[in-house]
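1. Give me the fold of what follows.
(2 chains)
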Amino acid sequence: MLTRLNTSLSRFVLVLAACVAVSFLEVSLAIANQLTFEPEKTYGAEQARKVSRPTTRWVTTDHSRHPVLQQEFSSPEEVTRACLTCHNEASNQIHQTIHWTWIDPADSERLMGKNGLTLNNFCISIHSNEPRCTSCHAGYGWKDGQFDFNKEEAVDCLICHDTTGTYEKFPTKAGYPVEAPTKFGKKTFQPPNYTVIAASVGRPTRANCGACHFYGGGGDGVKHGDLDSSLYNPSRQLDVHMNSEGANFTCQRCHSTDAHFISGRTYKQPAFTDRRSLIEDDLVKRISCESCHTATPHAVGHKANDHTDKVACQSCHIPAFARVKPTKMYWDWSTAGKMKDGKPYKVKGAFGKASYMTKKGHFVWEKNVQPEYFWYNGKMDYLLVTDKIDPTKVVKVNFVEGDKDDPDSRITPFKVHRGKQPYDSVNMTMAIPHLFGKDSSAFWKGFDWNASLTAGMAAADVPYSGEYGFVETEYHYPITHMVAPKEKTLSCNACHVKDGRLATLSGFYMPGRDGSRTVDILGWVAVLAALIGVIVHGVMRVISKSKSEQE
Amino acid sequence: MSSRKLYLYTRFERFWHWAQALLIIILLVTGFEVHGTFRLLGFGVAVSIHNFCAWTWLVLYAFIVFWMLTTGEWRHYVPTFVKMFEVLQYYISGIFKGEPHPVPKSERIKHNPLQRITYLGIVSVLVPFQIVTGFLYYLYNDWPVFGWELSLSVVAILHTVGAFAMLVFFVIHVYMTTTGHHPFSHIKAMFTGYEELDEDNVA
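-> As a prediction, this is how the structure comes out:
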């Protein structure tokens, strides 16, 4: 009877064990898929690829056959006038955009922007320095505060629409090209052949946008860190989208453009607020990653899909910026003005870049830089030159807006450019130097800070006390270009460790980084106590056993 | 001293014991890695393995509970205070004097009162606690869907507390296996199913 019961019981147990074994197998197969961290199909990329075939976009006009363009142009404005004979709304459109106004369109007080009262910690401000800075203005003749922003013919069509690569604005001529061959540094600028250029205008390429945006701050890669001349023809390693041997995206592939309004600039207005993708709306602005890749771009079940509500795609997919060319990370104006044998001088440092210039002070250049991470809701706020500052602290010249509790904020990578720059030590405001010019108050001529700041502040119509000092500042750039191939994506361990990339972000629990110190200490004390207890108990058993055996 | 063999642990019982042992070890190792205590497999791999083992254990746990109920084995886990004091005294002093165990094993009584209370605590408190806190942790991203307003830090720290409790149990349990007839006889019994008992120590 007992044996029979035993057999049936053991049979039952055997069946149960088999069931457990099968479920083990099933779950393990399911998990094995997850364990191989390279998903075969990434939904978002797949969908994006479908809608990103190479563009063979047709045009319905041959500009070389327009009689109005078959003339000898004596000035660039004449070219613009010719363009406007057909494109009669173009200048009006441009006039509304930030490319023209250099003012944040979302700022009702019109104070924010290069032509407002904001500053940076590179060459600080355009006021009184216009002819140099406005070499990157999409117009002609903005040489001082008197520029007429309503002139239609002052719009520079060619800087964006030249396809010959021969049209160049001279660095110090307020947006004008040269009229005769002119040297700037080692380079000689040639007068453009307007007839040839006008005959072949077309849609902008990376070269058009890059002519200004890769050289922000007056040199290759100075400002952004994720925008430099390496993006003219990037490899897949540098940028998967702009890869010149792959998808070869132009800038406006993502910076969707609407009547000359190019999406993407972020001041008070985020570059995008719409989180829908092309899959939901085919006319959506493609300015965010999600526009094409959706909010769940990874394989179904992949944990990364659960991160997109809190972590920007860029945080993992751009492990470092300035990966090919160096970028400026530090600029100390306070040491500018030193002379060697009574003359301005330069010192060359790392990457063949200047580490000191009499005109500008000390620099630090870096390559392959790990970004810093902040909660970011897409808005940047800017310090105005009229705002009070506390010079005992590092002054943030612009601020990253966002908060861990804000559903629109994501952890986003930034380049933080640090430096020291002048401030008004009586009025406790930042100060604008007059740097460029032929007059002696220009710092780069007279090397006199007080004269320079007096002139700069006057040009911006801001009071200046006559007393100045230097204050440490920070300027933040969101990192969004130079998206690396998927195999270079950050691993979980970049952040989910004690001293990982997100070590400075606080106020939320992140596995691998956080825990309760008390629980950890008490827990390990308990484990240690148990270990010591059993060791002592064991030793005592051995001793007592050998004693009793001796007896 | 002669000895007698007693068939105490059936095939499935032995299977679930060792399967759980393996799962607990892997869960502890990967869990403490996820907690940031050390780096071994990498965070991502540790999480995946941890989740896999957790699911596996959940399935196994359901079978174990079913087995306990249907076979009547649950009777061995009913707590009792009868001889509890004697058992405590045995491990504190008697064991060093070569005294016999006050609650010898039998088909009727597989576990002494100390084991009963410990195993019952683990199976009915600690494991469910880890299942609940673990699943809340696992489902973190779906909290808004369920309308739960919990704190990840509280959930994660509670799960860590459970992990420490399990680790303490693990240390003591492994040591206690050496207190049998021979240092390895309990472990051997858990493989073969037969517990070796001293002849003069059979109830």
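2. Enumerate every residue touching residue B:137.
-> Residue B:137 makes contacts with B:152, B:155-156, B:159, as judged by CB atoms under 8 Å, 6 or more residues apart in numbering or on different chains. No exception for glycine: its C-beta is placed from N, CA and C like everyone else's.
3. residue contacts, residue A:425?
-> A:391, A:465, A:467-469.
4. which one of those has the most neighbours?
-> residue A:468 (20 neighbours; other CB atoms under 10 Å in any protein chain shown).
5. pLDDT below threshold where in chain B?
-> Applying pLDDT under 70 to chain B flags the ranges B:1-3, B:198-203.
6. spatially speaking, which residue is in the middle of chain A?
-> residue A:479 (2.6 Å; CA atoms, centre = their mean).
7. just to revisit the earlier point, as a markdown table, the contacts of residue B:137 with distance to residue A:522, neighbour count and secondary structure would be great.
-> Listed next are the contacts of residue B:137 as a markdown table, based on distance: CB to CB, whole Å; neighbours: other CB atoms under 10 Å in any protein chain shown; DSSP: H, G, I helix; E, B strand; the rest coil:
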| residue | distance to residue A:522 | neighbour count | secondary structure |
| --- | --- | --- | --- |
| B:152 | 21 | 16 | helix |
| B:155 | 18 | 22 | helix |
| B:156 | 16 | 23 | helix |
| B:159 | 15 | 22 | helix |
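8. Among those, list the two that are farthest apart in space.
-> Pairwise distances across the contacts of residue B:137 (CB to CB) peak at 10.4 Å, for the pair B:152 and B:159.
9. rewinding a little: cross the contacts of residue A:425 against strands and list the overlap.
-> Secondary structure from DSSP state E places A:468-469 of the contacts of residue A:425 in strands.
10. mind listing what's buried in the top helix by length along chain B?
-> For chain B, the longest helix by residue count, based on DSSP state H, is helix B:43-71. Across helix B:43-71, burial judged by 16 or more other CB atoms under 10 Å in any protein chain shown covers B:43-57, B:59-61, B:63-64, B:67-68.
11. so where's chain A uncertain?
-> In chain A (pLDDT under 70), the answer is A:1-57.
12. State the distance from residue B:44 to chain A.
-> 4 Å (CB to the nearest CB, to the nearest Å).
13. Next: residue B:16.
-> For residue B:16 relative to chain A (CB to the nearest CB), the value is 8 Å.
14. Where does the stretch 151-300 of chain A get nearest to chain B, which residue?
-> residue A:296 (11.0 Å; CB to the nearest CB).
15. Quick check, that residue in contact with residue A:305.
-> Yes. If you go by CB atoms under 8 Å, residue A:296 and residue A:305 touch, sitting 4.3 Å apart.
16. quick revisit: and the gap between the residue of the stretch 151-300 of chain A closest to chain B and residue A:279?
-> According to CB to CB, to the nearest Å, residue A:296 stands 11 Å off from residue A:279.
17. got it, and residue A:209?
-> 27 Å.
18. for residue B:10, same thing?
-> Distance of residue B:10 to residue A:279, computed by CB to CB: 56 Å.
19. need the helices for the stretch 301-450 of chain A, in chain order.
-> With DSSP state H, counting those that start in this stretch as the criterion, the stretch 301-450 of chain A has helices at A:313-317, A:443-446, A:449-459.
20. Select, out of the ones you listed, the one closest to residue B:112.
-> helix A:313-317 (53.5 Å).
21. Against which helices or strands is the closest one packed?
-> Judged by 3 or more CB pairs under 8 Å, 6 or more residues apart in numbering or on different chains; DSSP states H and E, the packing partners of helix A:313-317 are helix A:289-293, strand A:410-424.
22. These: which one's closest to chain B?
-> Using CB to the nearest CB, the nearest of those to chain B is strand A:410-424, at 14.7 Å.
23. still on that earlier bit, can you convert the helices of the stretch 301-450 of chain A into CSV and add a column each for mean neighbour count?
-> Shown next, in CSV, are the helices of the stretch 301-450 of chain A (neighbours: other CB atoms under 10 Å in any protein chain shown):
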stretch, mean neighbour count
helix A:313-317, 22
helix A:443-446, 20
helix A:449-459, 21
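24. Quick check: which of those is nearest to residue B:179?
-> helix A:313-317 (51.5 Å).
25. hey, C-alpha coordinates of the closest one in CSV?
-> Taking C-alpha atoms only, helix A:313-317 is exported to CSV below (Å, rounded to 0.1, in the frame of the first residue of the first chain):
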residue,chain,number,x,y,z
CYS,A,313,18.1,59.9,-26.7
GLN,A,314,21.3,62.0,-27.0
SER,A,315,22.4,61.1,-23.5
CYS,A,316,23.2,57.5,-24.5
HIS,A,317,23.7,57.9,-28.2
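26. which outside residues touch it?
-> A:289-290, A:293, A:297, A:304, A:307, A:371, A:373, A:410-413, A:478-480, A:483-484, A:486, A:489-490, A:494.
27. Tell me the gap between it and the middle of its chain.
-> 12 Å (CA atoms, centre = their mean, to the nearest Å).
28. now stretch A:73-90
-> 34 Å.
29. then it to CSV, C-alphas only?
-> Presented in CSV, the C-alpha positions along stretch A:73-90 are these (Å, rounded to 0.1, in the frame of the first residue of the first chain):
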residue,chain,number,x,y,z
PHE,A,73,26.1,92.1,-60.7
SER,A,74,28.1,94.9,-59.2
SER,A,75,26.9,94.3,-55.6
PRO,A,76,25.4,91.4,-53.7
GLU,A,77,22.3,93.5,-53.0
GLU,A,78,21.7,93.5,-56.8
VAL,A,79,21.6,89.7,-56.7
THR,A,80,19.1,89.8,-53.9
ARG,A,81,16.9,92.2,-55.8
ALA,A,82,17.1,89.8,-58.8
CYS,A,83,16.0,86.9,-56.6
LEU,A,84,13.1,88.9,-55.2
THR,A,85,11.7,89.5,-58.7
CYS,A,86,10.4,86.0,-58.6
HIS,A,87,10.7,85.1,-54.9
ASN,A,88,8.9,88.2,-53.8
GLU,A,89,8.0,86.9,-50.3
ALA,A,90,11.4,85.6,-49.5
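30. buried sites along it?
-> Those would be A:73, A:76-77, A:79-80, A:82-84, A:90, for stretch A:73-90 by 16+ other CB under 10 Å.
31. contacts for that stretch?
-> Contacts of stretch A:73-90 (CB under 8 Å, 6+ apart): A:66, A:68-69, A:71, A:91, A:140, A:152-158, A:176-177, A:192, A:194-195, A:197-198, A:201, A:259-260.
32. same thing but 7 Å
-> A:68-69, A:91, A:140, A:152-158, A:176-177, A:194-195, A:198, A:260 (CB atoms under 7 Å, 6 or more residues apart in numbering or on different chains).
33. Mind checking which of these are buried?
-> A:69, A:91, A:140, A:152-158, A:176-177, A:194, A:198, A:260.
34. and the longest helix of chain B, what does it pack onto?
-> helix A:2-35, helix B:11-34, helix B:127-138 (3 or more CB pairs under 7 Å, 6 or more residues apart in numbering or on different chains; DSSP states H and E).
35. so the last one versus helix B:11-34, what angle?
-> Spelled out, it's helix B:127-138. 40 degrees (axes from the mean of the first three to the mean of the last three CA atoms, to 10 degrees).
36. So residue 105: helix, strand or coil?
-> No chain in the question, so chain A it is. Under DSSP: H, G, I helix; E, B strand; the rest coil, residue A:105 falls in the coil class.
37. and it, what does it touch?
-> Residue A:105 neighbours (CB under 7 Å, 6+ apart): residue A:98.
38. Against residue A:262, how distant is it?
-> 12 Å.
39. In a markdown table, list the helices of the stretch 301-450 of chain A along with distance to residue A:231.
-> Output for those, formatted as a markdown table (distance: least, CB to CB, whole Å):
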| stretch | distance to residue A:231 |
| --- | --- |
| helix A:313-317 | 15 |
| helix A:443-446 | 29 |
| helix A:449-459 | 33 |
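40. so residue A:360 makes contact with residue A:336?
-> Yes. Between residue A:360 and residue A:336 there is a contact under CB atoms under 7 Å: 5.5 Å.
41. Counting neighbours, go ahead and name the busier of those two.
-> Neighbour totals were compared for residue A:360 and residue A:336, and residue A:336 leads with 24 against 21 (other CB under 10 Å).
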